[in-house]
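1. got a structure for you, letters missing:
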């Protein structure tokens, strides 16, 4: 189905919205003043061994060393290597690297360090067989992933790109020789260009509100796919784009904790530091048995869950608590629908199956912060817990402070929304010497007590 891309530039950030029809499939965020690590290729120098972690720490020319896990390779301090960013800094965790380089193009993803040959899951069986036969005889102990767009390309186009990516990789390897220093060799595209690279064959329109970004996109298209230049539009009014494509509603939905399903059920998405937990809750019963109702709701929920995982760019461990089903066949149906709904993103996902408690275990490759983590911050009123004090606890603590430390008439200043509960508490405790005053500038968990002379 045809897709559209909307790129909104702000002062320091760039929001990208990929749409299919009226539905926003992906929302991504770039920072204009930050180097891109994930997908970028670096010339690195091994600085420290991490035997207990099964890897090494590598200087890649940034402020902090990055971690490279090893799978059978033997490296020593001082070795020079080519590495690629796999995960950006995340909390206390530093940059994670891989030495299995992947270089994406229009038709293929070039993998010089493996001999794997894979195909996009969206390709038909017939196209897969044809493309595999086409490219296998031209590979030289190297691997590729054949992208969806390769089905529309000629043999000459695919082999030409294979040779171009091969030469690019050889030029990167040449940096391992001679005088050198840890440095960035090949920076990954910003996400608004990366989305074009991944979906160019389906794009029917690219809309941008920023002149500088419009020129960047135009320059990229000239070398990548000139036919898209007549589908690139500059729209100065960002609010008009937001209204036309429902972007504000999409952002609001992407940050909601609870999402309702058409059948009356709903899902709850909770992101924690260790994992993402998704809970599925039932709607109106319309089947003959509890098992039928559970399956119906779970099948509806799993499609929405797949959309939200991709939309919010959720990564790491994901645990899905579906409504309990007894029959293994029904559990298999849910897993199969999940795989289908994930589409091409399935290559980033590992599904482990249902636990004994009926929770589906899966993991998705994590390259950095999720959309929620990028667009929200810790609540200043609750010290990051995501919750604030209830009126009962708030009034109790305030009352104890008044009783223990105050004599004579006092004024109590409370934030907006707390006054009624506090006055009720004060009245119940018969604290006639206390006057409650609302102060809109106070944090929701704070109060001030002032003596009146």
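-> Yep, it's here. Note that the structure is a prediction, hence the values are computed from the model and not measured.

2. residues of the worst-scoring helix or strand of the chain on mean pLDDT that come out buried?
-> Across the helices and strands of the chain, mean confidence by mean pLDDT, DSSP states H and E is lowest for helix 391-405: a mean of 84. Using 16 or more other CB atoms under 10 Å as the test for burial, helix 391-405 gives 394-395, 398-399, 402. For every residue, glycine as well, the C-beta is placed using N, CA and C.

3. just so I have it, where are all the helices in the protein?
-> 125-136, 155-173, 191-199, 211-224, 238-245, 247-255, 290-312, 328-342, 371-375, 391-405, 419-428 (DSSP state H).

4. Can you lay out those helices as CSV showing distance to residue 96?
-> As requested, these are exported to CSV (distance: least, CB to CB, whole Å):
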stretch, distance to residue 96
helix 125-136, 30
helix 155-173, 20
helix 191-199, 19
helix 211-224, 28
helix 238-245, 34
helix 247-255, 25
helix 290-312, 20
helix 328-342, 23
helix 371-375, 17
helix 391-405, 41
helix 419-428, 48
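
5. Can you say which of those is nearest to residue 362?
-> helix 328-342 (7.9 Å; CB to CB).

6. Of the buried residues of helix 391-405, which is the nearest to residue 360?
-> residue 394 (39.0 Å).

7. Would you mind measuring from that closest one to residue 445?
-> Note on residue 394: its distance to residue 445, by CB to CB, to the nearest Å, is 7 Å.

8. cool, residue 9 as well?
-> As defined by CB to CB, residue 9 lies at a distance of 37 Å from residue 445.

9. So for the chain, the centremost residue is which one?
-> What sits nearest the mean C-alpha location of the chain, by CA atoms, centre = their mean, is residue 313, with 2.2 Å.

10. Does residue 32 touch residue 12 like I think?
-> Yes: Residue 32 lies in contact with residue 12 (CB atoms under 8 Å); the separation is 5.2 Å.

11. out of these two, which sits in the busier spot?
-> Under the criterion of other CB atoms under 10 Å, the comparison of residue 32 against residue 12 puts residue 32 first, with 13 against 10.

12. So for that one, what's the pLDDT?
-> You'll see residue 32 listed with a pLDDT of 80.

13. residues contacting residue 339?
-> 346, 351 (CB atoms under 8 Å, 6 or more residues apart in numbering).

14. Kindly recompute the last result at 7 Å.
-> Contacts here follow CB atoms under 7 Å, 6 or more residues apart in numbering; on that basis residue 339 touches residue 346.

15. quick one: low-confidence parts of the chain?
-> The chain contains residues with pLDDT under 70 at 283-287, 381, 383, 405-407, 453.

16. before we move on, the earlier item: kindly spell out which helices and strands sit in contact with the least confident helix or strand of the chain.
-> On a contact count with 3 or more CB pairs under 7 Å, 6 or more residues apart in numbering; DSSP states H and E, helix 391-405 meets helix 419-428.

17. What helices and strands are in contact with the helix it packs on?
-> The contact analysis (3+ CB pairs under 7 Å, 6+ apart) places helix 419-428 against helix 391-405, strand 434-438.

18. closest one to residue 375 among those?
-> Nearest to residue 375, of the helices and strands packed on helix 419-428 and by CB to CB, is helix 391-405 at 28.6 Å.

19. Contacts for that closest one, please.
-> By CB under 7 Å, 6+ apart, helix 391-405 touches 410, 412, 418, 421-422, 425, 429, 431, 434, 447, 449.

20. got the contact list for residue 433?
-> By CB under 7 Å, 6+ apart, the neighbours of residue 433 are 408-410.

21. same check, this time on residue 184
-> By CB under 7 Å, 6+ apart, the contact list for residue 184 reads 40, 42, 61.

22. hang on, isn't the first one packed against residue 183?
-> No: in this structure, residue 40 sits apart from residue 183 without contact. The criterion is CB atoms under 7 Å, and the distance is 10.8 Å.

23. more neighbours, the two?
-> Neighbours were counted for residue 40 and for residue 183 using other CB under 10 Å; residue 40 has more, 17 against 13.

24. That one and residue 294, how far apart?
-> Residue 40 is 45 Å from residue 294, by CB to CB.
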